[in-house]
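Chemist: Could you look at this predicted model? Sequence included:
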Amino acid sequence: MSQETLLTMEGLKELEAELEQLKTVGRKEAAEKIKVARSFGDLSENSEYDEAMSDQAKLEARISEIEHIIKNAKILDIDSLGTENVHIGSTVKIADKKKNEFVYTIVGFAQADPSVGKISDESPVGKALIGHKKGDKIVVEAPAGAMQFKIVEILK
């Protein structure tokens, strides 16, 4: 039995676009690299060919991974979710003891991208936030030690 993957509609569309790009442009580029590498001669000592084949295998693995995620996706209806508690789909403003503020959107692992403030519900901060209310203090266990935050605001 496959585990379902929680996605927002935006996340599903992003994955579908990536899948389409990989299946069209990505596969064409991989095939071209293999074709060029084959032209270099003896395949047993051809590092370009080995690298092109490895890249193609990675591409196919990512295609398979995205297809699996989409097949097992459960779409969250963000509009029906409230702002009383933190849940997947919430955007949360938190502050540390020094009053530094951070804004994160809680997403399923397949959509996580910390560089743009999207953190997984399975990450240490995401796990600590889920289920809490505005004003709650949370403790996040991190490699550098426990960090304490206060939930300033919960947005949709």
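Modeler: Sure thing, it's come through.
Chemist: which stretches of this protein form strands?
Modeler: Assigned by DSSP state E, the chain shows strands spanning 5-8, 73-76, 91-96, 101-107, 118-120, 137-142, 145-155.
Chemist: Name the residues that touch the first one?
Modeler: It stands for strand 5-8. Applying C-beta atoms under 8 Å, 6 or more residues apart in numbering, the contact partners of strand 5-8 are 15, 69, 72-76, 78, 88-89, 107-111, 121. C-beta coordinates here come from the backbone N, C-alpha and C atoms, glycine included.
Chemist: Adding mean neighbour count, write the strands of the chain out as CSV.
Modeler: Below are the strands of the chain laid out as CSV (neighbours: other C-beta atoms under 10 Å):
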stretch, mean neighbour count
strand 5-8, 22
strand 73-76, 15
strand 91-96, 19
strand 101-107, 18
strand 118-120, 20
strand 137-142, 13
strand 145-155, 15
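Chemist: possible to save those as a markdown table with distance to Glu29?
Modeler: Below are those laid out as a markdown table (distance: least, C-beta to C-beta, whole Å):
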| stretch | distance to Glu29 |
| --- | --- |
| strand 5-8 | 27 |
| strand 73-76 | 27 |
| strand 91-96 | 36 |
| strand 101-107 | 29 |
| strand 118-120 | 28 |
| strand 137-142 | 39 |
| strand 145-155 | 40 |
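Chemist: what's the neighbour count on Gly126?
Modeler: Gly126 has 24 neighbouring residues, counting by other C-beta atoms under 10 Å.
Chemist: isn't it right up against Ile106?
Modeler: Yes: Gly126 lies in contact with Ile106 (C-beta atoms under 8 Å); the separation is 5.3 Å.
Chemist: Mutual contacts of the two, please.
Modeler: Common neighbours of Gly126 and Ile106 (C-beta under 8 Å, 6+ apart) are Ile119, Ser120.
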